[in-house]
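**Student:** Provided below are the primary sequence and the corresponding predicted coordinates.
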Amino acid sequence: MKTLMAKGIKKIRQINGFTQPCPAFDGKMCRVYALRPRHCRDFVCRLLEGVQSGAITMKAALGKVRLASRQAETVRELMRKLGQTDETSALSCRLGEIMERPYDPMDSVQYNRERRRLMFQSQKLMQILDRYFL
C-alpha cells in the first residue's frame, strides 16, 4: 500500500492501483474535482468505455451503477451488523478485518449466519465490479 499526496487532499491510500477511500469523495461526488490527482483524472472504467464506444447505452450503464451501489450497501449493512462500523476504510480492508477473526462455534448462530452471508454478498459485489467496472 502506497500513500500519495495531492494538492487539496490530505492523504490518499493506494490499494491495488485505486485510491480507497478517497477523503475528497463525499459519497456522491468529488469535492476537489478541479484539483483531483492525475490517476483519478485518467481512470476510465469498463462501463464508461462501453458507453463511449456505443457498446452499451447510458441508461443500461446507469442500471449497472445502481446494481453495484445496492450491492455495496448490502455489504456495508452486513458489516455494521457484525460490528465493523469504520465507514472511512475500504470495504476490502473492512472485510479482511471481519474474516481474519477465526471461526468460533461459540459465537451466536445469528453472528455466524451473518458472517456467511457477508462472504456471499461480498463475492457477489466483486463479481459485479469485475464484470462491469474493472
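**Tutor:** Here it is on my side, so go on.

**Student:** What about residue 78, how many residues nearby?
**Tutor:** Around residue 78 sit 20 other residues, with neighbours defined as other Cβ atoms under 10 Å. (Glycine included, C-beta is placed from N, CA and C.)

**Student:** Hmm, it is touching residue 119, no?
**Tutor:** No - Residue 78 lies out of contact with residue 119 (Cβ atoms under 8 Å); the separation is 9.4 Å.

**Student:** now the most centrally placed residue in the chain, nearest residue through space, not along the chain?
**Tutor:** In the chain, the centroid-proximal residue (Cα atoms, centre = their mean) is residue 91; its distance is 5.3 Å. Once flanking residues are discounted, residue 91 sits nearest to residue 75: 6.0 Å by Cβ to Cβ, 6 or more residues apart in numbering.

**Student:** Identify the residues contacting the strand or helix carrying the one you found?
**Tutor:** Assessed by DSSP states H and E, residue 75 sits inside helix 58-81. For helix 58-81, contacts defined as Cβ atoms under 8 Å, 6 or more residues apart in numbering pick out 47-48, 50-51, 85, 87, 91, 94-95, 98, 114, 117-118, 121-122, 124-125, 128-129, 132-133.

**Student:** Tell me how this structure divides into domains.
**Tutor:** 1-43, 45-134 (automatic domain parsing).
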